[in-house]
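Trainee: Turn this into a structure:
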Amino acid sequence: MVTLRGTAAIIKRLGIKPAADPPGSTTLLGDWYLTLSRIGRVQRVMAVSSVTLLPVILPARDLRSLPQRLPDAVAEMLLVLGVPAAAVRTEIEAMRETTIAATSSRRILGTMNDFHFMSTRAVGLPEVALEEALFLAKSPCRPIGMRRPDDLTREMFGVPSSRTRH
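Mentor: A predicted model of the protein is given here:
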């Protein structure tokens, strides 16, 4: 079970009433915060884990299918970070049941704004969502003690950080 916490724009486009008192997420990565992000004419969804601030970027087309598409994008990101496939499967299975709620953390929204600013200013970064998310995941973030979301995510799954792996 995972709670997807959308900004007002996301919830409006989903066309649903958000849960007033959502249950707690049972995933290691916690709730996922969602916002719309536009770079040029391309609109996409930026999703960020409430626990590690790991970002995932998806196309904004067909937002109603977002709860079904997000787990696959998270799985792809976790596998690239070196998380074992069995742990990825467990996390993704827990993400298949979702609740939609409004955002509740200004700290995470601030991080998402920082990520958006960095992604619009990233020189030479390929316009590939996974590559962009990996770039953002290497950025130290104040809300997690100036740690990097990619390293903290690896740690959550028992994988050595990128700086200690050989």
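Trainee: I'd like the distance between Thr103 and Ala85.
Mentor: For Thr103, the distance to Ala85 equals 31 Å [CB to CB, to the nearest Å]. In this view, the C-beta of every residue, glycine as well, is placed from N, C-alpha and C.
Trainee: which of the two has more neighbours?
Mentor: Using other CB atoms under 10 Å as the criterion, Thr103 and Ala85 rank with Thr103 on top: 20 against 10.
Trainee: which strands and helices sit next to the helix or strand of the chain with the lowest mean pLDDT?
Mentor: Least confident helix or strand of the chain, by mean pLDDT, DSSP states H and E, is helix 106-121 with a mean of 88. For helix 106-121, the elements it packs on are strand 32-39, strand 42-49, strand 55-59, helix 129-137, judged by 3 or more CB pairs under 8 Å, 6 or more residues apart in numbering; DSSP states H and E.
Trainee: Let's have those in TSV, adding distance to Asp114.
Mentor: Formatted as TSV, the helices and strands packed on helix 106-121 follow (distance: least, CB to CB, whole Å):
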stretch	distance to Asp114
strand 32-39	12
strand 42-49	10
strand 55-59	10
helix 129-137	9
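Trainee: what would these look like in TSV with mean pLDDT?
Mentor: Conversion of the helices and strands packed on helix 106-121 to TSV gives the following (pLDDT from 0 to 100):
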stretch	mean pLDDT
strand 32-39	90
strand 42-49	91
strand 55-59	93
helix 129-137	90
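Trainee: could those go into TSV alongside mean neighbour count?
Mentor: Formatted as TSV, these follow (neighbours: other CB atoms under 10 Å):
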stretch	mean neighbour count
strand 32-39	20
strand 42-49	21
strand 55-59	22
helix 129-137	20
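Trainee: For the residue most central in space within the chain, list each beta-bridge partner.
Mentor: Nearest residue to the geometric centre of the chain (CA atoms, centre = their mean): Val48, 2.8 Å. On the basis of DSSP bridges, Val48 is bridged to Tyr33, Pro55.
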